[in-house]
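K.L.:
no letters, just coordinates:
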């Protein structure tokens, strides 16, 4: 498990895409982008992020 406070912008996570392949996601970049766009996130997206320990409301 990765501690969110320890993430660097270049940290890669491999996520299954549902077709049997994996996609590499730069997790630090994703979090930075999501936080920067939080005014546009839906309530469902906020709830999903909160379930991961990210409560930006």
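P.N.:
Thanks, I have it. Computed from a predicted structure; not experimentally measured.
K.L.:
how is residue 14 assigned, secondary-structure-wise?
P.N.:
strand (DSSP: H, G, I helix; E, B strand; the rest coil).
K.L.:
that one: neighbouring residues, count only.
P.N.:
10 (other CB atoms under 10 Å). All C-beta spots, glycine's among them, are computed from the backbone N, C-alpha and C.
K.L.:
now do the one 10 residues further on
P.N.:
Other residues near residue 24 number 9, with proximity taken as other CB under 10 Å.
K.L.:
and it, what does it touch?
P.N.:
12, 13, 14, 15 (CB atoms under 8 Å, 6 or more residues apart in numbering).
K.L.:
turn these into CSV, including distance to residue 21.
P.N.:
Shown next, in CSV, are the contacts of residue 24 (distance: CB to CB, whole Å):
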residue, distance to residue 21
12, 15
13, 14
14, 10
15, 10
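K.L.:
compare those residues and tell me which has the most neighbours.
P.N.:
Counting neighbours by other CB under 10 Å, residue 13 leads the contacts of residue 24 with 14 neighbours.
K.L.:
show me the shaky parts of the protein.
P.N.:
Where the chain drops to pLDDT under 70, the residues are 1-8.
K.L.:
what about the helices in it?
P.N.:
Here the chain has its helices, by DSSP state H, at 27-36, 43-51.
K.L.:
so for stretch 16-31, what gets flagged as buried?
P.N.:
26, 27, 28, 31 (16 or more other CB atoms under 10 Å).
K.L.:
returning to that earlier point: deepest of the helices of the chain, which one?
P.N.:
Sort these by mean neighbour count, taking mean count of other CB atoms under 10 Å, and helix 27-36 sits at the top with a mean of 14.
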